[in-house]
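# make a model of this:
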Amino acid sequence: MQYADEIVLWRAIKNNEDCKALQQDLDRLEEWCKETGLEINPGKSQHLRISNKTKKVEIPSGSYTINNKVILTENEAECLGVKISSKMDWTAQVNKVTAKCRQTLYVINGFFPKRYGAVTQLLFSSLVRSVADYASPCWFFSTKKLQRQLESIQKNFSQSIRPSRADKEDQSHDPDFSRYLQDLREVEWKPLWHRRYEKILETTYKI
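Numbers count the residues shown, from 1 in each chain. The predicted structure is shown next:
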(Lines give C-alpha, C1' and ligand atoms only; values in the text may rest on other atoms or scores of the structure.)
Protein backbone atom coordinates (compact mmCIF):
# COMPACT_ATOMS: atom_id res chain seq x y z
CA MET A 1 0.00 0.00 0.00
CA GLN A 2 1.34 3.44 -0.95
CA TYR A 3 0.38 6.75 0.57
CA ALA A 4 -0.88 9.66 -1.52
CA ASP A 5 1.03 12.86 -0.77
CA GLU A 6 0.26 16.54 -1.43
CA ILE A 7 -3.22 16.04 -2.84
CA VAL A 8 -5.31 19.22 -2.88
CA LEU A 9 -9.05 19.50 -3.52
CA TRP A 10 -10.70 22.89 -3.69
CA ARG A 11 -14.14 24.25 -4.37
CA ALA A 12 -15.83 27.65 -4.09
CA ILE A 13 -18.39 27.34 -1.30
CA LYS A 14 -21.43 29.62 -1.59
CA ASN A 15 -24.18 27.44 -0.14
CA ASN A 16 -24.92 24.06 1.44
CA GLU A 17 -25.05 22.37 -1.96
CA ASP A 18 -21.42 23.34 -2.56
CA CYS A 19 -20.50 21.73 0.77
CA LYS A 20 -22.23 18.52 -0.27
CA ALA A 21 -20.45 18.63 -3.64
CA LEU A 22 -17.07 18.93 -1.93
CA GLN A 23 -17.85 15.92 0.25
CA GLN A 24 -18.78 14.00 -2.90
CA ASP A 25 -15.41 14.99 -4.37
CA LEU A 26 -13.73 13.55 -1.29
CA ASP A 27 -15.76 10.35 -1.61
CA ARG A 28 -14.73 9.98 -5.25
CA LEU A 29 -11.10 10.61 -4.31
CA GLU A 30 -11.36 7.91 -1.66
CA GLU A 31 -12.69 5.42 -4.21
CA TRP A 32 -10.00 6.35 -6.74
CA CYS A 33 -7.28 5.82 -4.15
CA LYS A 34 -8.64 2.37 -3.33
CA GLU A 35 -8.68 1.43 -7.01
CA THR A 36 -5.10 2.61 -7.57
CA GLY A 37 -3.64 1.13 -4.39
CA LEU A 38 -3.11 4.44 -2.62
CA GLU A 39 -4.17 5.40 0.87
CA ILE A 40 -4.99 8.80 2.33
CA ASN A 41 -4.18 9.43 5.97
CA PRO A 42 -7.13 11.39 7.45
CA GLY A 43 -4.97 12.32 10.44
CA LYS A 44 -2.65 14.30 8.17
CA SER A 45 -5.46 15.79 6.09
CA GLN A 46 -6.62 19.34 6.75
CA HIS A 47 -9.58 21.49 5.82
CA LEU A 48 -8.68 25.13 5.18
CA ARG A 49 -11.44 27.62 4.50
CA ILE A 50 -10.04 30.74 2.82
CA SER A 51 -12.38 33.66 3.42
CA ASN A 52 -12.54 37.08 5.10
CA LYS A 53 -16.27 36.77 5.74
CA THR A 54 -17.41 36.79 9.36
CA LYS A 55 -20.47 34.68 8.54
CA LYS A 56 -19.53 31.55 6.62
CA VAL A 57 -21.56 28.72 5.16
CA GLU A 58 -21.98 25.97 7.74
CA ILE A 59 -21.08 22.43 6.67
CA PRO A 60 -24.37 20.45 6.83
CA SER A 61 -22.73 17.40 8.42
CA GLY A 62 -20.57 19.52 10.71
CA SER A 63 -17.28 18.52 9.06
CA TYR A 64 -15.84 16.82 5.99
CA THR A 65 -14.71 13.19 6.21
CA ILE A 66 -12.41 10.69 4.53
CA ASN A 67 -12.79 6.98 5.27
CA ASN A 68 -15.52 8.00 7.75
CA LYS A 69 -12.96 9.97 9.74
CA VAL A 70 -13.28 13.68 10.40
CA ILE A 71 -10.95 16.12 8.62
CA LEU A 72 -10.01 18.84 11.09
CA THR A 73 -10.53 22.48 10.11
CA GLU A 74 -7.37 24.54 10.55
CA ASN A 75 -6.50 28.23 10.35
CA GLU A 76 -3.25 27.40 8.54
CA ALA A 77 -2.17 24.63 6.20
CA GLU A 78 1.02 23.82 4.33
CA CYS A 79 1.14 22.82 0.68
CA LEU A 80 4.42 21.99 -1.08
CA GLY A 81 6.36 23.83 1.61
CA VAL A 82 4.24 27.01 1.56
CA LYS A 83 2.15 27.97 4.58
CA ILE A 84 -1.29 29.31 3.69
CA SER A 85 -3.65 30.94 6.18
CA SER A 86 -7.43 31.13 6.09
CA LYS A 87 -7.22 34.89 5.50
CA MET A 88 -4.33 34.67 3.01
CA ASP A 89 -2.06 36.37 5.54
CA TRP A 90 1.53 35.42 4.75
CA THR A 91 2.93 36.04 8.25
CA ALA A 92 3.37 32.34 9.03
CA GLN A 93 5.13 31.70 5.71
CA VAL A 94 7.49 34.66 6.10
CA ASN A 95 8.27 33.69 9.71
CA LYS A 96 9.03 30.15 8.57
CA VAL A 97 11.32 31.33 5.76
CA THR A 98 13.22 33.86 7.87
CA ALA A 99 13.71 31.39 10.72
CA LYS A 100 15.11 28.74 8.37
CA CYS A 101 17.38 31.25 6.62
CA ARG A 102 18.72 32.66 9.88
CA GLN A 103 19.42 29.18 11.21
CA THR A 104 21.39 28.32 8.07
CA LEU A 105 23.25 31.64 8.21
CA TYR A 106 24.20 30.95 11.82
CA VAL A 107 25.78 27.65 10.79
CA ILE A 108 27.60 29.22 7.82
CA ASN A 109 29.02 32.05 9.92
CA GLY A 110 30.03 29.57 12.60
CA PHE A 111 32.09 27.43 10.24
CA PHE A 112 33.53 30.18 8.03
CA PRO A 113 35.18 33.32 9.44
CA LYS A 114 34.58 36.69 7.79
CA ARG A 115 37.76 36.43 5.72
CA TYR A 116 36.15 33.66 3.63
CA GLY A 117 33.87 36.14 1.88
CA ALA A 118 33.78 34.40 -1.51
CA VAL A 119 32.95 31.03 0.06
CA THR A 120 30.21 32.40 2.28
CA GLN A 121 28.68 34.30 -0.66
CA LEU A 122 28.46 31.04 -2.61
CA LEU A 123 26.92 29.25 0.37
CA PHE A 124 24.46 32.09 0.91
CA SER A 125 23.34 31.95 -2.72
CA SER A 126 22.84 28.18 -2.75
CA LEU A 127 21.59 27.47 0.80
CA VAL A 128 19.93 30.66 2.03
CA ARG A 129 18.75 32.77 -0.87
CA SER A 130 17.27 29.71 -2.58
CA VAL A 131 15.02 29.24 0.46
CA ALA A 132 13.95 32.90 0.37
CA ASP A 133 13.21 32.62 -3.36
CA TYR A 134 11.26 29.35 -3.19
CA ALA A 135 7.66 29.79 -4.41
CA SER A 136 8.00 33.54 -3.82
CA PRO A 137 5.57 34.51 -6.64
CA CYS A 138 2.80 32.91 -4.54
CA TRP A 139 3.35 35.13 -1.52
CA PHE A 140 4.96 38.23 -3.05
CA PHE A 141 2.12 40.57 -2.05
CA SER A 142 2.79 40.60 1.69
CA THR A 143 2.85 43.66 3.94
CA LYS A 144 5.75 46.13 4.02
CA LYS A 145 6.64 44.87 7.48
CA LEU A 146 7.00 41.31 6.19
CA GLN A 147 8.92 42.55 3.13
CA ARG A 148 11.45 44.26 5.41
CA GLN A 149 11.65 41.14 7.56
CA LEU A 150 12.57 39.10 4.49
CA GLU A 151 15.04 41.70 3.27
CA SER A 152 16.79 41.71 6.65
CA ILE A 153 18.10 38.20 5.85
CA GLN A 154 20.30 39.43 3.02
CA LYS A 155 21.00 42.71 4.79
CA ASN A 156 22.46 40.95 7.83
CA PHE A 157 24.55 38.72 5.61
CA SER A 158 25.93 41.67 3.62
CA GLN A 159 27.06 43.21 6.91
CA SER A 160 28.78 40.00 7.99
CA ILE A 161 31.01 39.90 4.90
CA ARG A 162 31.93 43.59 5.16
CA PRO A 163 33.64 43.82 8.55
CA SER A 164 35.38 47.09 7.74
CA ARG A 165 32.10 48.95 7.34
CA ALA A 166 30.50 47.15 10.25
CA ASP A 167 33.33 48.33 12.50
CA LYS A 168 33.02 51.96 11.43
CA GLU A 169 29.24 52.38 11.26
CA ASP A 170 26.28 51.28 13.28
CA GLN A 171 24.43 49.26 10.67
CA SER A 172 21.36 48.92 12.89
CA HIS A 173 20.52 52.58 12.10
CA ASP A 174 19.69 52.12 8.44
CA PRO A 175 15.92 52.71 8.34
CA ASP A 176 15.71 53.29 4.60
CA PHE A 177 18.16 50.46 3.77
CA SER A 178 20.37 52.96 1.86
CA ARG A 179 23.64 51.49 3.15
CA TYR A 180 22.36 48.02 2.46
CA LEU A 181 21.47 48.91 -1.14
CA GLN A 182 24.92 50.44 -1.58
CA ASP A 183 26.49 47.19 -0.36
CA LEU A 184 24.42 45.25 -2.88
CA ARG A 185 25.54 47.47 -5.74
CA GLU A 186 29.18 46.91 -4.81
CA VAL A 187 28.82 43.11 -4.96
CA GLU A 188 26.41 43.30 -7.93
CA TRP A 189 23.51 41.71 -6.09
CA LYS A 190 19.82 42.57 -6.20
CA PRO A 191 17.43 43.06 -3.28
CA LEU A 192 15.32 40.01 -2.48
CA TRP A 193 12.13 41.91 -3.34
CA HIS A 194 13.54 42.60 -6.80
CA ARG A 195 14.33 38.91 -7.27
CA ARG A 196 10.76 38.01 -6.28
CA TYR A 197 9.43 40.53 -8.79
CA GLU A 198 11.55 38.97 -11.54
CA LYS A 199 10.27 35.51 -10.63
CA ILE A 200 6.69 36.73 -10.96
CA LEU A 201 7.47 37.91 -14.48
CA GLU A 202 9.18 34.60 -15.30
CA THR A 203 6.23 32.60 -13.96
CA THR A 204 3.72 34.75 -15.85
CA TYR A 205 5.68 34.28 -19.06
CA LYS A 206 5.72 30.48 -18.61
CA ILE A 207 1.97 30.44 -18.06
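# Three-state assignment for Arg102, please.
What DSSP: H, G, I helix; E, B strand; the rest coil gives for Arg102 is helix.
# from Arg195, how far out is the nearest residue to it once chain neighbours are set aside?
Once flanking residues are discounted, Arg102 sits nearest to Ile153: 6.8 Å by Cβ to Cβ, 6 or more residues apart in numbering. Placement of C-beta: from N, CA and C, glycine included. Using Cβ to Cβ, to the nearest Å, Ile153 is found at 12 Å from Arg195.
# again, but for Phe124
To Arg195, Phe124 is 13 Å away according to Cβ to Cβ.
# please apply the same query to Lys96.
18 Å.
# kindly report the same for Ser45.
34 Å.
# higher neighbour count, these two?
Taking neighbours as other Cβ atoms under 10 Å, Ser45 and Arg195 compare with Ser45 leading, 19 against 15.
# ok, the closest residue to the more buried one other than its chain neighbours - contacts?
Counting by Cβ to Cβ, 6+ apart, Ile71 is the residue found nearest to Ser45 once chain neighbours are left out, at 4.9 Å. Ile71 makes contact with 26, 42, 45-47, 63-65, according to Cβ atoms under 8 Å, 6 or more residues apart in numbering.
# look at Ile71 and report its pLDDT.
If you check Ile71, the pLDDT there is 93.
# next one: phi and psi at it?
Dihedral pair for Ile71: phi -90, psi 120, per degrees, to the nearest 10.
# what do you get for the one 3 residues further on?
Phi and psi for Glu74, reported as degrees, to the nearest 10, are phi -120, psi 160.
# so what's it closest to, chain neighbours aside?
Gln46 (4.8 Å).
# give the other helices and strands that the helix or strand where Ala21 lies contacts.
Following DSSP states H and E, one finds Ala21 within helix 16-36. Using 3 or more Cβ pairs under 8 Å, 6 or more residues apart in numbering; DSSP states H and E, the elements in contact with helix 16-36 are strand 65-66.
# give me the contacts around the strand it packs on.
Residues outside strand 65-66 that contact it (Cβ under 8 Å, 6+ apart) are 23, 26, 29-30, 40, 42, 45, 71.
# can you pick out the most distant pair from the residues you listed?
Pairwise distances across the contacts of strand 65-66 peak at 14.2 Å for Gln23 and Ile40 (criterion: Cβ to Cβ).
# how is this protein partitioned into domains?
2-74, 91-206 (automatic domain parsing).
# quick one on the thing from earlier: which residues touch the residue nearest to Arg102?
Ile153 touches 98, 101-102, 105, 128, 132, 192, counting by Cβ under 8 Å, 6+ apart.
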